[in-house]
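Undergrad: 3D, please:
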Amino acid sequence: EVQLVESGGGSVQAGGSLRLSCAASEYTYSSYCMGWFRQAPGKEREGVAAIDSDGLTSYADSVKGRFTISKDNAKNTLYLQMNSLKPEDTAMYYCAASPESLCPQLIYWGQGTQVTVSS
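TA: Below is the predicted model:
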């Protein structure tokens, strides 16, 4: 079973930046679809960004132009560069992945990393 471990969360002021990382326990990223999700207290989980095995990306409207998803297949790591952060970006962020044959269903999930943006 693939294990995903997120890192890079923290507390920043509005307008600041963070880069989240998601490391996989085995070589997966070249043939997997992957995504970042977030969940704020009292709210449903929402998709933030996704990347398929060919590197095509998609974003939620709320983060377009501010967040960038990318992956480094050699390092088996998924990234989420977050710029111009807003207080409403505060949430627990999770990465998820699946073998290409199962996409868009995501079957592997990390434990999450907290992002807190203060005004």
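
Undergrad: Find the nearest non-adjacent residue to residue 78, please.
TA: residue 22 (4.1 Å; CB to CB, 6 or more residues apart in numbering). No exception for glycine: its C-beta is placed from N, CA and C like everyone else's.

Undergrad: helix or strand for that neighbour, which one?
TA: Assigned by DSSP states H and E, residue 22 belongs to strand 18-24.

Undergrad: For the following helix or strand past that strand, name the packing helices and strands.
TA: Counting by DSSP H and E, the next helix or strand C-terminal to strand 18-24 is strand 32-39. Here strand 32-39 touches strand 18-24, strand 46-51, strand 67-72, strand 77-82, strand 91-99, going by 3 or more CB pairs under 8 Å, 6 or more residues apart in numbering; DSSP states H and E.

Undergrad: Export the last one to PDB, keeping only CA atoms.
TA: Output in PDB follows, covering the C-alpha atoms of strand 91-99 (Å, rounded to 0.1, in the frame of the first residue of the first chain):
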ATOM      1  CA  ALA A  91      -7.400  24.500   6.600                       C
ATOM      2  CA  MET A  92      -5.900  21.000   6.900                       C
ATOM      3  CA  TYR A  93      -4.400  20.100   3.600                       C
ATOM      4  CA  TYR A  94      -4.200  16.600   2.300                       C
ATOM      5  CA  CYS A  95      -2.600  14.900  -0.600                       C
ATOM      6  CA  ALA A  96      -4.200  12.000  -2.400                       C
ATOM      7  CA  ALA A  97      -3.300   9.600  -5.200                       C
ATOM      8  CA  SER A  98      -4.400   6.700  -7.300                       C
ATOM      9  CA  PRO A  99      -3.100   4.500 -10.000                       C
END
